[in-house]
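In: Return atomic coordinates for the entry below.
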Amino acid sequence: MLEKNFKDTIINIKNEIISTQTQILSDANIRLIKLYFKLGKIINDNSKWGDKFIETLEKELRLDFPNIKGFSARNLRRMKKFYLEYKDEEILPPAVAKLPWTHNIILIEKIKDKNIRFWYANEAVNGNWSKVVLDHQIDMNLYERKALSDKKNNFKNTLVSPQSDLANDLQKDPYIFNLPLLKERYVEKELEEFMVERIRDVLLELGNGFSFIGNQYKVTVGNNDYFIDMLFYHLKLHCYIAVELKTVPFKPEFIGQLNFYLNVLDEQVKDAHDEPSIGLLLCRSKEKLTVEYSLKGVDKPIGVSSYEVEKYIPKDILEKLPTEEDINLHIDLDEKVEIDE
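Out: From the prediction side, this is the model:
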């Protein structure tokens, strides 16, 4: 018992240090973003001098602050653009202020609609996205797939708030999995094996908070063994999530199978502190009305989405994607105050 208390104390100290480091870097980043906003206003107010003002300012700042990055002519022009984008806001949006400078530049350059931009900013903050992941999610049209899609689930009827809202928010349609070596014609076993092999990419697509437990997860009822395609635990929802993969269009009987798995998980696997298990059925395609009828009267929370298989993902994104551990547990502290020249 003493040894356990000793180890717990050490862990608590480490957690306090990490938490303080995160707060310090976050505060520094917010101050830096606000500084850039102010400099952008000054540069805009002196636009009558044209490029000459920016070129002179760059030289002066480099002379007086030789060890500080971020004062290149290109970055000074970005500050002006940053100011012009948000000068009509009463205050700088919190998510915008919390994001690193390079994240904000990506958002301004790639997304013109402010409401959509703010949505991505909030997702990036909540998910601790690197700039590479942010860029990737924009290219993969995450907003359209997560915020605008007509999601099919029964979460409102089977989960209490706020669990129902959180579950609905995590669902996408379609899901897009990058499995470059998968054959044109594949069976469910092959799809599952490739997803497990590239679990890092799968976790990124599923979203923040998913932790992979295993595939072909065995549950036993009576004298029979049954196998769940993929089992996850969601760190924010505090529940198990059973994912069933189908390489064919949706069929009503798929709901019964998944509902059975959820009953078994809740009875045999779930602890008292866990929330009800959730099922996610991924099919090659689905017909809206058939799914709606199939979910009526089902008392376990189930979502039905289609999926697509991408055969290519840029090498620079592949190399820089976070590890499974990064996605599940850690914040990249070094990126919080990143400056791009």
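In: all strands for the protein, in order.
Out: Along the chain, counting by DSSP state E, strands occupy 152-153, 175-178, 210-221, 224-234, 239-245, 278-283, 302-310.
In: Show me the strands paired with the fourth one, marking each as parallel or antiparallel.
Out: Read that as strand 224-234. strand 210-221 (antiparallel), strand 239-245 (antiparallel) (DSSP bridges).
In: cool, the second one as well?
Out: Applying DSSP bridges, strand 175-178 is found paired with strand 302-310 (parallel).
In: Can you give me the buried ones in the strand it pairs with?
Out: For strand 302-310, the neighbour count (16 or more other Cβ atoms under 10 Å) marks 302-307, 309 as buried. No exception for glycine: its C-beta is placed from N, CA and C like everyone else's.
In: Domains in this protein, by residue range?
Out: 2-130+329-335, 150-321 (automatic domain parsing).
In: Off-centre distance for stretch 132-150?
Out: Mean-position distance between stretch 132-150 and its chain equals 9 Å (Cα atoms, centre = their mean, to the nearest Å).
In: same deal with stretch 209-222?
Out: From the chain centre to the centre of stretch 209-222 is a distance of 22 Å (Cα atoms, centre = their mean).
In: now, of the strands of the chain, which is deepest in the fold?
Out: strand 278-283 (a mean of 25; mean count of other Cβ atoms under 10 Å).
In: just checking, what packs against that one?
Out: Contacts defined by 3 or more Cβ pairs under 8 Å, 6 or more residues apart in numbering; DSSP states H and E place strand 278-283 against strand 239-245, helix 253-264, strand 302-310.
In: which of the ones you listed has the lowest average pLDDT?
Out: Lowest mean pLDDT within the helices and strands packed on strand 278-283: strand 302-310, a mean of 94.
In: Excluding its own residues, what touches it? List them.
Out: Contact partners of strand 302-310, identified using Cβ atoms under 8 Å, 6 or more residues apart in numbering, comprise 151-155, 158, 167-168, 171-180, 182, 191, 250, 255, 258-259, 262, 278-286, 291, 294-295.
In: now stretch 140-160
Out: Residues outside stretch 140-160 that contact it (Cβ under 8 Å, 6+ apart) are 116, 119-120, 123, 164, 167-169, 171-176, 275-276, 278, 286, 288, 291-292, 295-296, 298-305.
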